[in-house]
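# From the sequence below, what's the structure:
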Amino acid sequence: MPITLLVLAGFLTLVSLIQRLATRLALPSSVLLAGAGIALGTFAAIATEHAAAGGALGGLAHALTDLPIDSDAFLYILLPALLFESALAIDVRQMAEDAGPILLLAIVAVVIATLVIGVALEPVAGVSLAACLMLGAIVATTDPVAVIAIFRDVGAPSRLIRLVEGESLLNDAAAITLFTALVDIIAENAALLATDRDSSFQNKVHLALQAKGFFEPKDAADAGD
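Numbers count the residues shown, from 1 in each chain. Got it, this is the predicted structure:
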């Protein structure tokens, strides 16, 4: 526990330093944060493999890779804080005037991106379409911080910046809803397969051929006669 608290304190210190460095270098802070995250992850992976299990370096590497932070912490602690900070800088009245385009980008565009990514991955991924769509829902939403910073540097219209900021507030909800629905679908399919384990191989082949349209169901054939 003490080393975990030390690592978390180090992360907060690093983030504050990166914010100042980004301002000094005139770079988006998200770019520097991503680079720092990649560097820390690479260090942790290498140190875990090569450092002694009982050494200080090995303990630090294990603390980085085994932080007690799960998905609930991101959803209920980190994500609300990020959305709240973004919402403070948005004019709600102007955002309401562009509610149509914002909802189109935040909901319809996210669904389309999820479908495109899932369908494109399904032939080569070797997993079910639902699993590919889950990955699509995860990557369909992007962080617009760097994009907005570039827009402001090049003098983009304020309405364009407002549309991107408004979309970023709502697209996470659409992605989380899609992801949760796909998880439920996969769980239901797994439950159906578990209850169908006792059926015979012949019955499974019969149902598969029937689904492919090789012959009609017996009840339908009898009704036709």
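# OK, contacts around Leu64?
The contact partners of Leu64, by C-beta atoms under 8 Å, 6 or more residues apart in numbering, come to Val7, Leu40, Gly41, Phe43, Ala44. (Glycine included, C-beta is placed from N, CA and C.)
# What part of this protein, helix or strand, is modelled with the least confidence?
Lowest by mean pLDDT, DSSP states H and E among the helices and strands of the chain is helix 218-224, with a mean of 48.
# any idea how far Leu135 is from Ile77?
According to C-beta to C-beta, to the nearest Å, Leu135 and Ile77 sit 24 Å apart.
# Sorry, wrong one. I was asking about Gly41.
21 Å.
# can you check Thr141 too?
Thr141 sits 18 Å away from Ile77, going by C-beta to C-beta.
# Comparing the two, which residue is more hemmed in?
Thr141 (22 against 10; other C-beta atoms under 10 Å).
# how does the protein divide up, domain by domain?
What the record gives for the chain is the domain set 1-68, 74-196, from automatic domain parsing.
# what's the most buried one of the ones you listed?
Of all the domains of the chain, domain 74-196 carries the top mean neighbour count, a mean of 15, counting by mean count of other C-beta atoms under 10 Å.
# okay if I get the domains of the chain as CSV plus mean pLDDT?
Shown next, in CSV, are the domains of the chain (pLDDT from 0 to 100):
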stretch, mean pLDDT
domain 1-68, 76
domain 74-196, 82
